[in-house]
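**Q** Sequence first, then the predicted structure, then my questions.
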Protein chains: 2
Amino acid sequence: MDARDLKVFEAVARHAGMNRAALELHTVQSNVTTRIRLLESELGTALFERHTKGMKLTAAGARLLPHAFEVRTALDNARRAVTDDGTPRGPLNIGSRKSTAALHLTGMVSSYIATHPLVDVSVRIETSSVLIDMVLERKLEGAFVAGPVEHPDLAGDVIFDEELVVLSSPEITDLSMIDCERTKMIVLGKGSFYHQHLEAILAQRGVKELRLLELGTLEVIMGCVASGLGVTLLPDGVIGPLQREGKVRTHDVAGSDCRVQTLFVRRRDGFVSSALAAFLDNARAYAADPTIN
Amino acid sequence: MDARDLKVFEAVARHAGMNRAALELHTVQSNVTTRIRLLESELGTALFERHTKGMKLTAAGARLLPHAFEVRTALDNARRAVTDDGTPRGPLNIGSRKSTAALHLTGMVSSYIATHPLVDVSVRIETSSVLIDMVLERKLEGAFVAGPVEHPDLAGDVIFDEELVVLSSPEITDLSMIDCERTKMIVLGKGSFYHQHLEAILAQRGVKELRLLELGTLEVIMGCVASGLGVTLLPDGVIGPLQREGKVRTHDVAGSDCRVQTLFVRRRDGFVSSALAAFLDNARAYAADPTIN
DNA sequence: TCGTTCCTATCTAAAAAAATGATAGCTGGG
DNA sequence: CCCAGCTATCATTTTTTTAGATAGGAACGA
């Protein structure tokens, strides 16, 4: 059994037919027939049931199919490993959930592209579950998603592990002081993790039915909070200056399990290019000290 | 690039020479030379430095080598997947640390071999770290080891998560009553996890310098404890009957972080045979209810 | 210094394997 | 009943792989 045989096998399985497979493989049907027959005789098992309208995987064939994929990706990774000489270069396709992007991506990416000018970075913004699917389908090399993630094919590294705090204008010394009529919940994305948690926290503290205000960037949100337009929920690490200047006030929500972990997930069998490895190093350095730039 | 090429590549890398590789591959040297040359020209990189005394991997070659292994094991797994028709049969090579073996192996294995008569079970008893190495080297399909285990190539499942209790004869109502002169620490293995913990717990409770008594089986240990010969430390799940009959007394050690996790670890890229899958199902069922037999 | 040994590179002819194109045979649907 | 669409098989050509022989370079020891 060889990788070539498995390629043919995979094509036949996918198209459920030798003619169609031959077309894809740029060869002729008789050839495909022979290869499959030889493969079957080598393995001592029928891999397909022959029907007048095409081929159908037998149980043994169905068991083989995922391994055919594995062999293919292993060969693929091998090819890339040779090409990748350790200098980060070429495309880097990653994903991020919206809030992580808003809070940290600029910081991470700007320092990265400065030190690695040969890499073409592309960041796709989606929800965590969409990103996870894209990573599983190998459409992304990895993605920042909300933890925890448990999947046998995924490896996850905790990059950010942040305590969340409620932010308000300095006048609000206690969350119960909030004027429900005039104060809004300010969030990066409607329905996001932060939105849901903020709602839960406020409800728990007797503040109910606040209107929503969705804003796209961290700076605008902070401005609006400072001016008393509403409250928001953010990791305490990103607030820094404004708080020190007394423009906003933080409210601990220690009781409410408000720790958010952001993982970088990638396929375990995926190839870690130099560009990706360097990006992760950079991200971890940034997470350890965001001012590092 | 093909799996065959990688096999040749691997042999040359391993033997650091084409003649020696040719010998292993049952072919001639000229052939090996050609294959390597073709592979290099296909990849566009030199994989070896040619020296008068043999070949030495270049940086690119060194990057390729682990992927060559991966391709080989992927092909290996593919072959096995076809052969393995879902009925557990054939060899099953696993390992276990001593204490897990003493406490649980009989229970797990006896029910397993009863339901899966075609499997040849072999259990190797070693320390956790030795077992982990053996699993990594693919000498074992998996092993019961003490958790936690963190290794990128290993997948671990928690099978047993047990609370430890100190056992004594019924007369000892408090550990401080222990007569240091006459009472011994009874353990399955000198220096084991249980031994070390028992020592620490007793020291913490002011009981010091007990002599050691090492016994091979659980039954003997329980007997000796019941007769007042000494104290021991065991998972609370395995004690059952004797305690209910009032022959031994348990002493909680809640304070001292005495929870022991036993993981079943295996290589992530290893093939999970039907025999192994069935064994793990069986083990989990046993762990959930040890009386299930 | 010379010969021996161990290594890789290269060439040619033979053998093996793979691809092709043509043909036959099967089956279900119009 | 014939046609469309499929797989199996065969003879032929093409490509790839293998074997065997030879050349050349470098280290080692007598």
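**A** Sure, I can see it.
**Q** switch to C-alpha atoms for all contacts and neighbour counts from now on
**A** Noted.
**Q** Span of stretch A:170-187 from start to end?
**A** Terminal residues of stretch A:170-187 lie 19 Å apart, using Cα to Cα, to the nearest Å.
**Q** which outside residues touch it?
**A** Here stretch A:170-187 makes contact (Cα atoms under 8 Å, 6 or more residues apart in numbering or on different chains) with A:194-195, A:198-199, A:202, A:205-215, A:221, A:225-226, A:228-233, A:246-249, A:251.
**Q** List only buried entries from the residues you listed.
**A** Buried by 16 or more other Cα atoms under 10 Å in any protein chain shown: A:194-195, A:198-199, A:202, A:207, A:210, A:212-213, A:221, A:225-226, A:228-233, A:247-249, A:251, out of the contacts of stretch A:170-187.
**Q** where along the stretch 51-200 of chain A do the strands fall?
**A** Assignment of strands within the stretch 51-200 of chain A using DSSP state E, counting those that start in this stretch yields the ranges A:54-57, A:90-96, A:119-125, A:142-146, A:154-168, A:184-187.
**Q** ok now the fifth one, how far from the chain's centre?
**A** Spelled out, it's strand A:154-168. Per Cα atoms, centre = their mean, to the nearest Å, the displacement of strand A:154-168 from the mean C-alpha position of its chain is 14 Å.
**Q** quick one: buried residues of it?
**A** Buried residues in strand A:154-168, counted by 16+ other Cα under 10 Å: A:154-160, A:162-168.
**Q** ok, and which of the buried ones among the contacts of stretch A:170-187 reach DNA strand C?
**A** Checking the buried ones among the contacts of stretch A:170-187 against DNA strand C by Cα under 7 Å from any atom of the strand, not one of them is in range.
**Q** residue contacts, A:G228?
**A** Counting by Cα under 8 Å, 6+ apart, A:G228 touches A:S168, A:S169, A:T183.
**Q** Next one, pLDDT for the last one please.
**A** The predicted local confidence for A:T183 comes out at a pLDDT of 87.
**Q** neighbours around A:R182, how many?
**A** Counted with other Cα atoms under 10 Å in any protein chain shown, the neighbours of A:R182 add up to 11.
**Q** Run a quick neighbour tally on the residue nearest to A:G216 when sequence neighbours are not counted.
**A** Spatial nearest neighbour of A:G216, excluding adjacent residues (Cα to Cα, 6 or more residues apart in numbering or on different chains): A:L188 at 5.6 Å. Neighbour count of A:L188, defined by other Cα under 10 Å: 23.
**Q** ok, now how distant is A:L188 from A:Q196?
**A** 12 Å.
**Q** before we move on, what about A:M1?
**A** With distances taken as Cα to Cα, A:M1 is found 53 Å from A:Q196.
**Q** do A:F271 as well
**A** The separation that A:F271 has from A:Q196, given Cα to Cα, amounts to 35 Å.
**Q** related to what we said a few turns ago, among the contacts of stretch A:170-187, which ones are in helices?
**A** Members of the contacts of stretch A:170-187 lying in helices (criterion: DSSP state H): A:Y194, A:H195, A:L198, A:E199, A:L202, A:I221, A:V225, A:A226.
**Q** what's around the residue lying closest to A:L212 once chain neighbours are set aside, how many residues?
**A** Spatial nearest neighbour of A:L212, excluding adjacent residues (Cα to Cα, 6+ apart): A:M185 at 4.9 Å. Per other Cα under 10 Å, the neighbour tally for A:M185 reads 22.
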